[in-house]
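J.: Following is a predicted model, sequence given first.
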Amino acid sequence: MASEASDAPTPDCAPSSADIPQQHGPVSKGHGFFALALGSVGIVFGDIGTSPLYAFKEALHAAAHDGVTRSEIYGVVSLALWALILVVTIKYVFFIMRADNKGEGGVLSLMALAQHAMGRRTMMVFALGVAGAALFYGDAVITPAISVLSAVEGLRTIPDLASSVTTQVVLVIATIMLLGLFFIQSRGTATVGRLFGPICALWFGVMFALGAWHLVQQPGILMAISPHYAAQFLAGHGVTGFVVLGAVFLTVTGAEALSADMGHFGKRPIQAAWMFFVLPCLVVNYLGQGAFALATFDAAEKAGVPFPALNWFFEMAPAAFRLPLVLLAGAATVIASQAVITGAFSLTQQAIQLGLLPRLDVRRTSETQSGQIFVPQLNTMLLFGVLAIMFTFQTSSALAHAYGLAVTGTMIVTTCMAFIVMRRLWNWSLPMALCFLVPFLTLDIVFLSANALRFFTGGWLPVLIGAALFLVMATWVRGSQILTAKTRRDSVPLIDLMEILRARAPHRAPGTAIFLTSDPDMTPVALMHNLKHNKVLHERNVILTVRTGDTPRIAEDDRVKIEKVNDDFKKVVITYGFMESPNLPKALAVCRKQGLKFDIMATSFFLGRRSIVPSANSGMPLWQDRLYIFLMRNAANPTDFFKIPPGRVVELGAQVTV
């Protein structure tokens, strides 16, 4: 995809959500297998690792509308365990993580891989990728709110504090934590990021210990490992079973991070961390919560009192240990929120690079860590979004109703694009590919249907956010296509300009001029204006185009392509992967090795600055025209975006209708 330097969508991208030093994938020197696995525990599994705070509680509460029986406790635990096995372990660890784009994962990386497999950009793959990316933002707004709220609500389980920790107190504490989290983004998280892995490893260890302690007291809960109890629960509870299934899905939120962070940690460390550490800790904790629920059920039945609705995770711990547990849970939820925020930054940068969003101000917060980026506009929007929904829903239980739809939608997108990769790129036979597609797509649709039952009690929120982001991306892409087509119609082919210049040679100015354009075959708008108004042509002229490849990174040998047009003009095409950040001065330095020599501080960069006005005949509704114009006006300055020395830039404007 070509990038218009001044007006059309321009690319910039960084690696996926992580806070570890990585420049070129997971095999960097100094990062052993164990260090990468430990790092993944903090970043990759932060979200799914905080699910025990609220998932079992919400699922059991949904099952308890007419009272709870022992078999229902077994059924809920069995559903939770088999969700982890089927969705995370089998689907993501054994299948989706194989569909990596040269070591990178995530929904947009998978979209690029699927497009490569198809051999062209198809509307189906494009729509799937944009929908998956848009839904991720819904997840990114909800995750910090529900995670931090669920941790702070643990204060209510401390006997000495229970009466004073009101909903308002919880909201105030959660707000302070979230404000601190979002305000440190501009300073980078490299220093505290080193603690993410060890803190989360401690968190998982404590979860394992709590679960094991109760499991020893009620070993009968181990029978819940049998899928018989899950199937029996669903078969015997009708619509209620579906409602519970929607709550059980909370156990696997965050599964998509396994593939999204492959570029930082590598496939094997993530898989090993899941299979040998994270999964056992989660399984034992859910079994322990089930064992605690069984013991509570027996005690309530013996005392002749109703089965209580408890905050099962925190009340598993002895009262004396609950305050330290709440503090540790708070740290774990902040880390999970940080991972999601960083993931949103990275996804945004990928979307810019792939031309799905306008340029935004993307800042590096570390010179050595490529995952350390900060997007001020997105950070502000996420902060206001998180606080708004937190004060709207007020409790983690209310927010739980809003959580599932975005994640299930993203999982359906992932399944469909993985199927395309299996068929077109891996050349799997149709029956073999269907063996993957049918069971997992069915599972995704079942979970989607279960979460759809909660649409009017909160599920509308991520759908609304996703729809808004989808509209923004679709508008930007369509508007850019219209603008590019109009520019091409109104431009003079470069080969024709050569003939005009030979017939009427303009005044020649010393030095080199670089004209940035998205279409190297057409005369750049800035060049035409320079000839028309200044009546001058430089001694050496470079028609420069920046393109985005469908791979994460481009080898340095393939970065720059130079084509000589004549003695006055050369075409230069610079290609970046969708996980790379454009730096034109650095890339142009490579030109010297290919014989194109010039002093960048004696070179002028000409950019076309177009003023867009709406038109009733543009191909988009007028309101969409206005949205596109708003996005373009708020796009980041191309000079900063491409790292061009500001003193060497000349902007020439024109008015264009879309």
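T.: Noted; the coordinates are in hand.
J.: which residues in the stretch 151-300 of the chain form helices?
T.: Listed in chain order, the helices of the stretch 151-300 of the chain (DSSP state H, counting those that start in this stretch) span 167-183, 190-193, 196-217, 227-248, 257-260, 262-265, 267-273, 279-303.
J.: Which one, of the ones you listed, ends up nearest to residue 437?
T.: helix 257-260 (16.9 Å; Cβ to Cβ). Every C-beta, even on glycine, is put in place using the N, C-alpha and C of the backbone.
J.: Check what contacts that closest one and list those residues.
T.: 16-17, 43-48, 88, 92-93, 96-97, 99-100, 105-107, 109-110, 270, 274, 339, 343, 414 (Cβ atoms under 8 Å, 6 or more residues apart in numbering).
J.: Lowest average confidence across the helices of the stretch 151-300 of the chain, which one?
T.: Ranked by mean pLDDT, those end with helix 190-193 at the bottom, a mean of 67.
J.: So what does residue 514 have for phi and psi?
T.: In terms of degrees, to the nearest 10, the main-chain angles of residue 514 are phi -110, psi 120.
J.: Not counting sequence-adjacent ones, nearest residue to it?
T.: Once flanking residues are discounted, residue 514 sits nearest to residue 542: 4.5 Å by Cβ to Cβ, 6 or more residues apart in numbering.
J.: and the one you found, helix, strand or coil?
T.: strand (DSSP: H, G, I helix; E, B strand; the rest coil).
J.: so who does it touch?
T.: 512, 513, 514, 515, 569, 570, 571, 572, 596.
J.: And residue 282, by the same measure?
T.: The contact partners of residue 282, by Cβ under 8 Å, 6+ apart, come to 48, 49, 51, 52, 84, 204, 207, 251.
J.: Let me know the closest of those residues to residue 398.
T.: residue 51 (16.8 Å).
J.: Kindly give the local confidence score, pLDDT, for that closest one.
T.: Listed pLDDT for residue 51 reads 91.
J.: same thing with residue 256?
T.: At residue 256, pLDDT is 80.
J.: can you give me phi and psi for it?
T.: phi -60, psi -20.
J.: Share the number of residues neighbouring it, please.
T.: The local packing of residue 256 (other Cβ atoms under 10 Å) involves 27 other residues.
J.: Just confirm it contacts residue 410, I think it does.
T.: Yes. Contact criterion Cβ atoms under 8 Å: residue 256 and residue 410 qualify, at 5.6 Å.
J.: what is in contact with these two at once?
T.: Here residue 256 and residue 410 share the contacting residues 107, 136, scored by Cβ under 8 Å, 6+ apart.
J.: Okay, and which of the contacts of helix 257-260 map to strands?
T.: Under the assignment DSSP state E, the contacts of helix 257-260 contribute nothing to strands.
J.: what about burial for those residues, which qualify?
T.: 16-17, 43-48, 88, 92-93, 96-97, 99-100, 105-107, 109-110, 270, 274, 339, 343, 414 (16 or more other Cβ atoms under 10 Å).
J.: In helices, which of the residues you listed fall?
T.: Per DSSP state H, helices hold the following members of these: 43, 46, 47, 48, 107, 109, 110, 270, 339, 343, 414.
J.: Can you list phi and psi of residue 569 for me?
T.: phi -130, psi 140.
J.: now it, nearest residue through space, not along the chain?
T.: residue 541 (4.9 Å).
J.: in this protein, what spans have low per-residue confidence?
T.: 1-31, 189-192, 366-371, 615-618, 652-658 (pLDDT under 70).
J.: so where do the strands sit in it?
T.: Using DSSP E, strands in the chain cover 2-3, 363-364, 373-374, 507-516, 536-548, 560-564, 569-576, 603-613, 649-657.
J.: Check which residues of the longest one are buried.
T.: Buried residues in strand 536-548, defined by neighbour count with 16+ other Cβ under 10 Å: 537, 538, 540, 541, 542, 543, 544, 545, 546, 547, 548.
J.: and which of the residues you listed is nearest residue 298?
T.: residue 548 (61.3 Å).
J.: coming back round to it: can you list the buried residues of strand 536-548 in JSON lines and add distance to residue 294?
T.: Formatted as JSON lines, the buried residues of strand 536-548 follow (distance: Cβ to Cβ, whole Å):
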{"residue": "537", "distance to residue 294": "84"}
{"residue": "538", "distance to residue 294": "81"}
{"residue": "540", "distance to residue 294": "80"}
{"residue": "541", "distance to residue 294": "79"}
{"residue": "542", "distance to residue 294": "74"}
{"residue": "543", "distance to residue 294": "73"}
{"residue": "544", "distance to residue 294": "69"}
{"residue": "545", "distance to residue 294": "66"}
{"residue": "546", "distance to residue 294": "62"}
{"residue": "547", "distance to residue 294": "61"}
{"residue": "548", "distance to residue 294": "55"}
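J.: Show me which of these is closest to residue 388.
T.: Distances from residue 388 to those, taken by Cβ to Cβ, are shortest for residue 548, at 33.8 Å.
J.: Give me the distance between the closest one and residue 475.
T.: Residue 548 is 19 Å from residue 475, where distance means Cβ to Cβ, to the nearest Å.
J.: Narrow the contacts of residue 542 to those that are buried.
T.: The buried subset of those (16+ other Cβ under 10 Å) comprises 512, 513, 514, 515, 569, 570, 571, 572, 596.
J.: residues in contact with the first one?
T.: Spelled out, it's residue 512. 538, 539, 540, 541, 542, 598, 599, 602, 603, 604.
J.: Which strand residues bridge the fifth one?
T.: Using DSSP bridges, the beta-bridge partners of residue 542 come out as residue 514, residue 570.
J.: cool, the first one as well?
T.: Here residue 538 sits in beta bridges with residue 509, going by DSSP bridges.
J.: pretty sure it is in contact with residue 507, am I right?
T.: No. Look at residue 538 against residue 507 with Cβ under 8 Å: they stay out of range, at 10.2 Å.
J.: Please tell me how far the residue lying farthest from the centre of the chain sits from residue 540.
T.: Distance from the centre of the chain peaks at residue 503, with 53.8 Å (Cα atoms, centre = their mean). Residue 503 sits 21 Å away from residue 540, taking Cβ to Cβ as the criterion.
J.: got it, and residue 596?
T.: Using Cβ to Cβ, we find residue 596 at a distance of 9 Å from residue 540.
J.: anything in contact with each of these two?
T.: The contact sets of residue 596 and residue 540 overlap at residue 570 (Cβ under 8 Å, 6+ apart).
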